[in-house]
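S.K.: The sequence isn't on hand, but the structure is:
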């Protein structure tokens, strides 16, 4: 039975992943209903505020078959009224033979109550099937709950000899068009894209998601700039495109008020970093975005910001694009600056690493192992 449970839960997890970029800050959840090892119905949470996975699956299932079925769900059914009624009530009303749950939900309004209610109503419940995979899938949701901070995805492109830019600061383009398309797809599903003022001034980026005509962004990311002295020009592409997506500028309390007013007048939001947080402005901004329930954030560098993020152990996921180019030069910029580590054994280590070739570029994707660094 365990092998069958793992198979069906694996299918439920695959369904859950289809909600990525659409359901946040809610978790991704999938549900399958099985009778005599035959798939009867399935569903997933497909958009924020919409029906939950259990509701979508049960609505497609014959109630008479449901009573004889096992329901596989990737997260503990909710037991509270939110934007939708409690899913656990629906399960109790239909009385399936068995419910298999990948992981309990740490959200305070649920946190074991859904499981307890099922058992109190004489439904057989098993918890923990593919729990590790379920936690990995919803790691951003779990981090937002536990740390009140978004999941931070670091991205950079570099040459084969480890340069983020040439000695004169030129970086367009290191990676190829295929690599850049991957980055735009990531932008299209996150809540915010964050850069430092150095990158904003040097590259004058838009930081929007520009996709193929057949694709549509899953969400519109806020563009965030760490800009202590408020140096971003009102004529920059970021400010000029404020109608395409919010622009938030994090400044020091000593930033020139005239500059601040110009950016406000142009439609930007100004976030003033308080005195006690000035030495940890990135951490303060991440906390602020977490308070706004931003779930995923793409950090696009440059090297100073990436260095601060790694020094602060705020990076959760990495996308690195390596181009088969060599620029050389003692003064060429490295991707990650900051204090760094004194010992190699302290280096941030990636796990679940995936490597793919994008024409001639190499794309390395992995997750920062929290046991390291």
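M.R.: Cool, got the structure. Everything quoted here is computed from the prediction, not taken from an experiment.
S.K.: For residue 282, what are phi and psi?
M.R.: phi -60, psi -50 (degrees, to the nearest 10).
S.K.: and the closest residue to it other than its chain neighbours, what helix or strand is that in?
M.R.: Distances taken as C-beta to C-beta, 6 or more residues apart in numbering place residue 308 nearest to residue 282, at 5.2 Å, with adjacent residues excluded. In this view, the C-beta of every residue, glycine as well, is placed from N, C-alpha and C. In this structure, residue 308 is located in helix 303-311 according to DSSP states H and E.
S.K.: Who are the packing partners of that helix?
M.R.: Identification of packing neighbours for helix 303-311 by 3 or more C-beta pairs under 8 Å, 6 or more residues apart in numbering; DSSP states H and E yields strand 151-159, strand 192-196, helix 197-203, helix 281-291, strand 296-299.
S.K.: Which of those has the lowest mean pLDDT?
M.R.: Within these, the stretch with the lowest mean pLDDT is helix 197-203, showing a mean of 92.
S.K.: what's the neighbour count on residue 203?
M.R.: Residues contacting residue 203 under the criterion other C-beta atoms under 10 Å number 18.
S.K.: still on that earlier bit, Throw the helices and strands packed on helix 303-311 into CSV and include distance to residue 254, thanks.
M.R.: Conversion of those to CSV gives the following (distance: least, C-beta to C-beta, whole Å):
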stretch, distance to residue 254
strand 151-159, 27
strand 192-196, 18
helix 197-203, 15
helix 281-291, 12
strand 296-299, 25
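S.K.: Determine which of the ones you listed approaches residue 209 most closely.
M.R.: Between residue 209 and the helices and strands packed on helix 303-311, the shortest separation by C-beta to C-beta is 8.7 Å, and it involves strand 192-196.
S.K.: how far off helix 303-311 does the closest one point, in degrees?
M.R.: Counting by axes from the mean of the first three to the mean of the last three C-alpha atoms, to 10 degrees, strand 192-196 points 120 degrees away from the direction of helix 303-311.
S.K.: Against which helices or strands is strand 192-196 packed?
M.R.: Right, strand 192-196 is packed against strand 222-226, strand 296-299, helix 303-311 by 3+ C-beta pairs under 8 Å, 6+ apart.
S.K.: Show me what whichever helix or strand comes after the longest one is in contact with.
M.R.: Pointing back at helix 303-311 there. Using DSSP H and E, the helix or strand that follows helix 303-311 in sequence is strand 317-323. Defining contact as C-beta atoms under 8 Å, 6 or more residues apart in numbering, one finds that strand 317-323 is touched by 151-160, 174-176, 179, 182-183, 186, 335, 350, 358, 360-368.
S.K.: Only the buried subset of those residues, as a ChimeraX command please.
M.R.: In ChimeraX, a selection of the buried entries from the contacts of strand 317-323 looks like this (16 or more other C-beta atoms under 10 Å):
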select :151,152,153,154,155,156,157,158,159,174,175,176,179,182,183,186,335,350,358,361,362,363,365,366,367,368
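S.K.: And the residue nearest the centre of the chain?
M.R.: Ranked by distance to the mean C-alpha position of the chain (C-alpha atoms, centre = their mean), the top residue is residue 296 at 3.0 Å.
S.K.: so what are the domain limits for this protein?
M.R.: Domain ranges of the chain: 2-140, 150-368, per automatic domain parsing.
S.K.: all helices of the stretch 101-250 of the chain, in order?
M.R.: Listed from the start of the chain, the stretch 101-250 of the chain has helices (DSSP state H, counting those that start in this stretch) covering 113-120, 131-137, 139-147, 177-187, 197-203, 237-240.
S.K.: And the fifth one, what does it pack against?
M.R.: Helix 197-203 is packed against strand 222-226, helix 303-311, with contacts defined by 3+ C-beta pairs under 8 Å, 6+ apart.
S.K.: Can you give me the buried ones in it?
M.R.: Judged by neighbour count using 16+ other C-beta under 10 Å, the buried positions of helix 197-203 are 197, 198, 199, 200, 202, 203.
S.K.: can you list the helices and strands packed on helix 197-203 in JSON lines and add mean neighbour count and mean pLDDT?
M.R.: Conversion of the helices and strands packed on helix 197-203 to JSON lines gives the following (neighbours: other C-beta atoms under 10 Å; pLDDT from 0 to 100):
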{"stretch": "strand 222-226", "mean neighbour count": "26", "mean pLDDT": "97"}
{"stretch": "helix 303-311", "mean neighbour count": "21", "mean pLDDT": "93"}
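S.K.: okay if I get those as a markdown table plus distance to residue 284?
M.R.: Formatted as a markdown table, the helices and strands packed on helix 197-203 follow (distance: least, C-beta to C-beta, whole Å):
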| stretch | distance to residue 284 |
| --- | --- |
| strand 222-226 | 10 |
| helix 303-311 | 12 |
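S.K.: out of those, nearest to residue 241?
M.R.: Closest approach to residue 241 among the helices and strands packed on helix 197-203 is made by strand 222-226 (8.3 Å; C-beta to C-beta).
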